[in-house]
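Q: Test case, fold it:
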Amino acid sequence: MIREHKVALDQIEADPAIGCMELTGSDRAFADGADIKEMKDFTFPSTYVDDFITSWERLARTRKPVIAAVAGFALGGGCELAMMCDFILAADTAKFGQPEIKIGVMPGAGGTQRLTRFVGKSKAMEMCLTGRLMDADEAERAGLVSRVIPAADLVAEALRVAALIADMSLPVAMMTKESVNRSYETNLAEGIRFERRVFQAQFALQDQKEGMAAFVDKRAATFTHG
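A: Numbers count the residues shown, from 1 in each chain. Below you'll find the model as predicted:
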């Protein structure tokens, strides 16, 4: 699955007609995570040298906006995959967790790091040490997901939001994503300096001219993504 995602992401990144991505699974599960039957025979040298988890990070490195639409279980690698997206829309059936400790390992694809940043140390520590699952309502209260949506409406709403984002200026959307992500990677002063430089650079874009002119003219903007 991860290899297929990588190929798809490479194609999407290269397609100028695509401005936003929506990633979803089935009603039962967002993603099944790693193949435990295969992993049980791994050794330290093989996992260290091959570093199979590196390919998972391709999603986190995607420059275009990515929405996770999660229904059912998002456990282990599935939860980590959802957290690599830019924000999560959760069905009211969704359940999140990092239960790896129950099979003798800890999360290895960003679970201990991203979950802690999203929900705080105490909740992340409890979930990683006990394998406790978090339902959709708790996930929304904790800040893990953006919104909870009735399961029957999840995909339609995710596609609506993706289309809304895709109608915006693509370079501005990409810069906005980079700036928000920078807030997790640096201190406040450095983050604000980065934001200001990117904001100033946007005045070189035709989309800035069009967007502000449309606002003044009281009409809808037509962005050309340049």
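Q: What is the burial count for K37?
A: 7 (other CB atoms under 10 Å). Using the backbone N, CA and C atoms, a C-beta is placed for each residue, glycine as well.
Q: Give me the most central residue, the protein.
A: C85 (0.8 Å; CA atoms, centre = their mean).
Q: what about it, distance to A31?
A: 11 Å (CB to CB, to the nearest Å).
Q: same check, this time on A158
A: Counting by CB to CB, the separation of A158 from A31 is 15 Å.
Q: and those two? which has more neighbours close in?
A: A31 (25 against 22).
Q: Isn't the more buried one up against G25?
A: Yes: the criterion here is CB atoms under 8 Å, and A31 meets it with G25 at 5.4 Å.
Q: which residues do these two both contact?
A: Counting by CB atoms under 8 Å, 6 or more residues apart in numbering, the contacts common to A31 and G25 are G78.
Q: what's the following helix or strand after the worst-scoring helix or strand of the chain on mean pLDDT?
A: Least confident helix or strand of the chain, by mean pLDDT, DSSP states H and E, is helix 36-39 with a mean of 81. Toward the C-terminus, helix 36-39 is succeeded by helix 44-50 as the next helix or strand (DSSP states H and E).
Q: partners of the helix or strand that that next one is followed by in the sheet?
A: The helix or strand immediately downstream of helix 44-50 is strand 66-70, counting by DSSP H and E. Strand pairing for strand 66-70, using DSSP bridges, gives strand 21-24 (parallel), strand 87-91 (parallel).
Q: quick one: contacts of strand 66-70?
A: 20-25, 30, 59, 81-82, 84-91, 94, 96, 145, 154-155, 157-158, 161-162, 165.
Q: ok, now which ones touch A163?
A: For A163, the contacting residues are C20, by CB under 8 Å, 6+ apart.
Q: same check, this time on T93
A: So T93 contacts D27, A71, G72, A136, A151 (CB under 8 Å, 6+ apart).
Q: Now which of the residues you listed would you call buried?
A: A71, G72, A136, A151 (16 or more other CB atoms under 10 Å).
Q: Please flag which of those sit within strands.
A: If you go by DSSP state E, the buried ones among the contacts of T93 have nothing in strands.
Q: Using CSV, please lay out the residues you listed together with pLDDT.
A: Listed next are the buried ones among the contacts of T93 as CSV, based on pLDDT from 0 to 100:
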residue, pLDDT
A71, 98
G72, 97
A136, 98
A151, 98
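Q: So which of these belong to helices?
A: The members of the buried ones among the contacts of T93 that map onto helices under DSSP state H are A136.
Q: the domain parsing of the chain - what is it?
A: Domain ranges of the chain: 2-165, 169-217, per automatic domain parsing.
Q: hang on, the earlier thing: pull the contacting residues for the residue nearest to the centre of the chain.
A: L23, L59, V66, I67, A68.
Q: Write down the beta-bridge partners of the fourth one, one by one.
A: Beta bridges link I67 to E22, F87 when assigned by DSSP bridges.
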